[in-house]
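Colleague: Predicted model and sequence below, questions to follow.
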Amino acid sequence: MFSVIFGREGCPYCVRAKEVAERLSAQREDFKYRYVDIIKEGVSKADLEKSAGKPCPTVPQIFIDENHIGGFTEFEAYAKENLALYS
C-alpha cells in the first residue's frame, strides 16, 4: 500500500504524521509513503480538495492508495485500527 502525506514545513501534525508513516514502514513490508511539502511543490488547498472531494482546511492531508483518510488524527486512528500500528 502507498500513502501520500501532504503537509508543510513548521506543521507539528505533519511531523507527527511522518513519524507514524516511518513506524508503519519499519513494521510492515507492504507500507510505503511519500511526503509532499505543499509549499515547495506548489500544491494548493484547492488541489487537495479536488482530490479529497471535500474541504481540506488544514494539513496534513493523507491519502492511502489514493483514498482520502483525513488529517493526522484520522490517519493515526486508521493506522491503529487497520494496519496494526504499534506505539
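Modeller: Done, it's in.

Colleague: Downstream of the lengthiest helix in the chain, the next helix or strand is which one?
Modeller: Criterion DSSP state H: the longest helix present in the chain is helix 12-27. From helix 12-27 onward toward the C-terminus, using DSSP states H and E, the following helix or strand is strand 32-37.

Colleague: low-scoring stretches of the protein, by residue?
Modeller: 87 (pLDDT under 70).

Colleague: let's go with 50 and repeat that
Modeller: By pLDDT under 50, the chain has no low-scoring segment.

Colleague: from the chain's centre, how far out does the longest helix of the chain sit?
Modeller: Helix 12-27 sits 9 Å away from the centroid of its parent chain (C-alpha atoms, centre = their mean, to the nearest Å).

Colleague: by contact count, what packs against that helix?
Modeller: strand 2-7, strand 32-37, helix 72-82 (3 or more C-beta pairs under 8 Å, 6 or more residues apart in numbering; DSSP states H and E). (C-beta placed from N, C-alpha, C; glycine too.)

Colleague: Tell me the buried residues in it?
Modeller: Y13, C14, R16, A17, K18, V20, A21, R23, L24 (16 or more other C-beta atoms under 10 Å).

Colleague: Pull the CA coordinates from it and hand them back as CSV.
Modeller: Taking C-alpha atoms only, helix 12-27 is exported to CSV below (Å, rounded to 0.1, in the frame of the first residue of the first chain):
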residue,chain,number,x,y,z
PRO,A,12,3.7,19.8,14.1
TYR,A,13,0.9,17.5,13.0
CYS,A,14,2.7,17.0,9.7
VAL,A,15,5.8,15.9,11.6
ARG,A,16,3.7,13.5,13.7
ALA,A,17,2.1,12.1,10.6
LYS,A,18,5.6,11.4,9.1
GLU,A,19,6.6,9.7,12.3
VAL,A,20,3.6,7.4,12.1
ALA,A,21,4.4,6.6,8.5
GLU,A,22,8.0,5.9,9.4
ARG,A,23,6.9,3.4,12.1
LEU,A,24,4.5,1.7,9.7
SER,A,25,7.3,1.5,7.1
ALA,A,26,9.5,-0.2,9.7
GLN,A,27,6.8,-2.6,10.9
